[in-house]
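> For reference, the sequence and a predicted model appear below.
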Amino acid sequence: MLQFDDLRLRVGGTPILRGVTLEVAAGEAVGLVGESGSGKSMTVKSVVRLLPPGSRTEGAVRFDGVDVSSLDAAGLRRMRSRDVAMVFQDPRAVVNPVRTIGDFLTEVLRDQGVGRTEATRRAARALSEVGIGDAVRRLHQRPYELSGGLLQRVVIAAALLTGPRLILADEPTTALDVTTQEEVVAILNEQRAARQVALMFITHDLELAAAVCDRIAVMYAGEIVEVLPAAALHAGARHPYTRALLNSRPGAVAPGERLRTVPGVPQSALTAPPGCVFADRCPHAEARCREVRPVFDGSAACHLLEAR
Amino acid sequence: MTRASLLAGGHQPDPAALAEIRARYHLDDPFPVQYWHWLSGLLSGDPGTSMVLKEPVTALIGARIGNTVLLVAYAGLLILLLGVTAGVVAAVGGRRVDQALTVITTVLMAAPAFVAAILLIWLFATTLSWFPVYGSGTGFTDRIHHLTLPALALSGGYLAYVSRITRTEVRAELAADHVAAARVRGLPRWTVLRRHVLRNAAPPIVAVSGVTVAGLFAATAVAEQAFGVAGLGSLLVQSAARQDMVVVQALSLLLVTVFVLVNMLVDVLNAVLDPRLARAGAV
Amino acid sequence: MSAMSIPMPLRKPAAKRGAAPVAGLFCALIVLVAIFAPWIAPYDPDALDPLNAHAPLSARHLLGTDDLGRDLFSRLIHGARTSLAGPLIVILAAGTAGAILAITAAWFGGWFDALISRTLDVLFAFPGLVLAITVAALFGSGFVTPVAALSLAFVPVIARVMRAAALRERNLPYIEALRVQGFSGWHICVRHLVPNLAPLLMVQAAIGFGYAMIDLASISFLGLGLQPPAADWGLMIANGQPSILAGFPQQSIAAAVAVVITVVAFTAVAERLATRFGGDHAPVR
């Protein structure tokens, strides 16, 4: 349903994505994991062409086989309003602060020609589906009257309301209290699974991604270095970067022991070397790692794995 | 010349007449007593009688307030309509449009009301004769016709200012996350602009416009004087030149009251437009 | 048209980058012209020549003559004196008074601060032009009255900004540290607070200069400032108004252009100062 085909992105000459290849099937949940600045967010935003000014793309993002960069304004709008929905990091920033929750939920439906009463009825139902009681009262409230967790549920309800086939969730819990994070993710996943909606889920948290998603794609410095089934995260991780990430989780060490980190500084796409992007921090790097860029073979991009 | 002899209007006034005048206007009382006479009169609804024109202040104001209110309304309408429109167009219209409007507003901003008045008089008195350059007119249409140039002179700088503020505020909203989110939800450009950008940019624009319109009442002095409009501003200036304190005091009090009232009104309106303010207890 | 309400040329693109040095040179030029007016002006500004009234622009009379045959170029040059001196006095007086009030209010706080702040608020509600007209009615027209009235009107404008800045500065840890070291309040104010606030005051004064100039010219224009036959720009604009209708716009136009260019130039320099020293240079209101 969704394909990234060697997608490259430059913003004002600065490389952000250096060749992303990934597929998302209908109803599938894919987790996109990586450090800050690895290009996760831009990958997802390129699906709905929400790119900063001065962006130039090469390669393609295809939705239902259609290259999104070829869509005209009306086509793009149709895709955004009917097929794809997005859940952002900070619900406070994305819900218009001076309008009511009801306005926020119904405006897309109203624009699609649904009557006011019907739109309100559906909005109220959507709120109760994401576990918000007293929906009718909530519709008349404004964003500042709701907690962050509650507001993010509203955003999720709005995303589900238009019946999309793909939801893009860009770190939907980062801005929330730790206590509400799990709840929000659980609701998002439960609701989208029930409707067979595909999901691209961005997170820093490998464990969370594994819990929610079918497959996990690990990104580093603007490229995908490994894709693996969520169930095989621990046993199946082969790329040195993925393994380093797994080792640096607090749960990976015994209590009292010093936490492990990935050695070195995160590489950015801007300063990426000619060879493997991870070579500088990789404990197993060899000479060719620094010179030749490894090819992504569908599951990982690493010279050392080819040799095995 | 003492104030009493000024009032008597003659160069060699009769001492008896002078004494009569001094008694009528309490000119021999100490200043606080004079002030008290005026204040108590004002509080009982009578601001007194002009010393020079020998007419009650209420009658003087009543005869002129219509012109001033019409002039302020006219100029205010120009400021809001043209200023806000130009600001929005500059913010969303692309580089060329933005630059052109920036040049225009820069020119307008640099020209204070009296300069604008002089240029308009020059243009419309010698070259074009579309609008009269002097007088107040009679009847509604004729008055509007007469007040066009004063309103233009009065509104120019404020219009440019409101346009600049509008442009900045709309720009800021356009860059906001919730606007990007609304776009990603596939809403039409115009809907996003209206419901999210303009709606959210409205409170600061209303605040600035309101303060501007409040300031117009004081600024009418220049426009009315330049175009010979019989209004409160020109009455204030002429009374000041004649040292007619009764009229000046009443008028300045009126103008300041209106200034304060309009500002309060704007605060209330803003609280309605931006529910967050009301919650913060800004009213 | 008052200090509080007039939206003047702030943040214009002309004030950006390249324009500032040009504007600075122009300001210097105007100041020199004002100082050396009697030596520069080709004619006595008050010399009447009724037979040569409304002379057109020529080599003998660069800007022509007015309705009484006085040389307009000479009058414009002499007009720079009062037109610059007025706003300068306003800014010096209001700047000094505003800064002292602001710093004492911020330093002592409590009821003293409340008293000063509320008084300034009341004064602030009085549009500068209305205040100036009222004062002119009380004390008569001339040069001193409008300048004094406008100085009073500008005090709250400057004091408000300065008080906020002084309050911020006063609450910085270094002030506390100085106190702990036993320095007197007077010493801290004069040696630390004032020097640190000086750049902001300078910016406020420079911006206020343009506003003051326009307000004073407005008052002159209304006939409540300097009286004929004085050569003052605002007055020249008003006096030339009847001649416009007769087809001789030189006097009003020349004086109007002089006011506009001078205000724009001084404001451009003020803007440059503001970006240089940072600080809050938001327009008054």
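Here it is on my side, so go on.
> When you work out contacts or count neighbours from here on, use the C-alpha atoms and nothing else.
OK.
> where in the stretch 1-150 of chain B is pLDDT low?
Counting by pLDDT under 70, the stretch 1-150 of chain B has low-confidence residues at B:1-13, B:21, B:24-27, B:31, B:38, B:42-45.
> Which positions in it make contact with chain A?
Proximity of the stretch 1-150 of chain B to chain A, by CA under 8 Å from any CA of the partner chain, involves no residues.
> What ranges does the stretch 1-150 of chain B have for its helices?
B:3-8, B:15-24, B:31-43, B:57-78, B:84-92, B:95-110, B:113-122, B:140-174 (DSSP state H, counting those that start in this stretch).
> for these, which one sits closest to A:Leu151?
Minimum separation from A:Leu151 across the helices of the stretch 1-150 of chain B (CA to CA) falls at helix B:140-174, 20.7 Å.
> Next, the closest residue to A:Asp67 other than its chain neighbours: secondary structure please.
Distances taken as CA to CA, 6 or more residues apart in numbering or on different chains place A:Val61 nearest to A:Asp67, at 5.6 Å, with adjacent residues excluded. In the three-state summary, A:Val61 is assigned as strand, counting by DSSP: H, G, I helix; E, B strand; the rest coil.
> Around chain C, pick out the residues from the stretch 151-283 of chain B.
So the stretch 151-283 of chain B meets chain C at B:157-158, B:161, B:211-212, B:215-216, B:218-219, B:222, B:225, B:236-237, B:239-245, B:248-249, B:252, B:255-256, B:259-260 (CA under 8 Å from any CA).
> Which strands or helices does the strand or helix carrying C:Gln241 pack on?
Applying DSSP states H and E as the criterion places C:Gln241 in helix C:233-245. Contact here means 3 or more CA pairs under 8 Å, 6 or more residues apart in numbering or on different chains; DSSP states H and E; on that basis helix C:233-245 packs against helix B:113-122, helix C:72-108, helix C:194-221, helix C:250-277.
> at 6 Å instead, please
helix C:194-221, helix C:250-277 (3 or more CA pairs under 6 Å, 6 or more residues apart in numbering or on different chains; DSSP states H and E).
> So which residues make contact with it?
Residues outside helix C:233-245 that contact it (CA atoms under 6 Å, 6 or more residues apart in numbering or on different chains): B:122, C:79, C:217, C:220-221, C:251-252, C:255.
> Check the gap between the residue nearest to A:Asp67 and B:Ile205 for me.
Separation of A:Val61 from B:Ile205 (CA to CA, to the nearest Å) stands at 41 Å.
> Point me to the residue of the stretch 51-200 of chain C nearest chain B.
C:Ala137 (4.1 Å; CA to the nearest CA).
> Out of the helices and strands packed on helix C:233-245, which is closest to A:Val212?
Per CA to CA, nearest to A:Val212 of those: helix C:250-277, 51.1 Å.
> Mean confidence (pLDDT) on that closest one, please.
Per-region confidence: helix C:250-277 scores 84 on mean pLDDT.
> same deal with stretch A:279-287?
On average, stretch A:279-287 scores 80.
> again with stretch A:231-248
Throughout stretch A:231-248, pLDDT has a mean value of 83.
> Please spell out which residues along that stretch are buried.
By 16 or more other CA atoms under 10 Å in any protein chain shown, the buried positions in stretch A:231-248 come out as A:233, A:237-248.
> Tell me the one of the residues you listed nearest A:Arg10?
A:Tyr241 (24.1 Å).
> tell me the contacts of that closest one?
Applying CA under 6 Å, 6+ apart, no residues qualify as near A:Tyr241.
> does it sit in a helix, a strand or a coil?
Under three-state DSSP, A:Tyr241 comes out as helix.
> centroid residue for chain A?
Centroid-nearest residue in chain A: A:Ile202, 3.0 Å away (criterion: CA atoms, centre = their mean).
> Go ahead and list the helix or strand containing B:Ala207.
Per DSSP H and E: helix B:199-227 holds B:Ala207.
> quick revisit: look up the residues forming beta bridges with the residue nearest to A:Asp67.
Applying DSSP bridges to A:Val61 yields these beta-bridge partners: A:Phe4.
> can you tell me which residue is nearest the centre of chain B?
Residue closest to the average C-alpha location in chain B (CA atoms, centre = their mean): B:Leu216, at 1.3 Å.
> ok, that residue to C:Ala256 distance?
Applying CA to CA to B:Leu216 and C:Ala256 gives a distance of 21 Å.
> What segments of chain A are helices?
Under the criterion DSSP state H, chain A carries helices at the ranges A:40-45, A:73-78, A:91-94, A:101-111, A:116-129, A:135-139, A:148-161, A:178-194, A:206-212, A:233-236, A:240-247, A:287-291, A:303-307.
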